[in-house]
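In: structure here, sequence nowhere to be found:
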């Protein structure tokens, strides 16, 4: 059953598949397939979600929304999201994940990779500069901005 669901997650071209991936992630039976989903999903947001889960070592989903009544005269009622999460059983080396995500054709996935270079800038050492240079030259404005930020941070560390 799980291989059929994974095939659906990978091959569906439209719809709320990242949300479906998050909901399926409540069970650890999806864990062995996360790498495959990250590399092969048709939707960039699904690949980005899978890479984010692998980077963070956890899966997270929306449990429910909790009602918050209005405060003050002009206040509006709001709903606060309650997030559920669990650790995943798959571990992939950070550099391997970063290389795969940085070479993805979608800027959405490359943006996730750049975010995790920023988070791990101290532990990556000289690899951080290589990624930053690549990201700074990216065709996506958001990714290029993150690459420039990493280079700036590395410049500050060098001083």
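Out: Structure's in. What do you need? No experiment lies behind these values; they were computed from the predicted model shown. Numbers count the residues shown, from 1 in each chain.
In: which one is the spatially most central residue of the chain nearest to, not counting chain neighbours?
Out: Centroid check for the chain by C-alpha atoms, centre = their mean gives residue 52 as the closest residue, at 2.6 Å. With sequence-adjacent residues excluded and distances taken as C-beta to C-beta, 6 or more residues apart in numbering, residue 52 is closest to residue 112, at 5.4 Å. Any C-beta I mention is one placed from the backbone N, CA and C, and that applies to glycine too.
In: tally of neighbours for the closest residue to residue 43 other than its chain neighbours?
Out: Take residue 43 and drop its neighbours on the chain: the residue closest to it by C-beta to C-beta, 6+ apart is residue 17, 5.5 Å away. If you count neighbours by other C-beta atoms under 10 Å, residue 17 ends up with 22.
In: show me what contacts residue 80?
Out: With contact taken as C-beta atoms under 8 Å, 6 or more residues apart in numbering, residue 80 is in contact with 65-66, 68.
In: would you check that the residue nearest to residue 52 makes contact with residue 50?
Out: No - checked against C-beta atoms under 8 Å, the pair residue 112 and residue 50 is beyond contact range at 9.7 Å.
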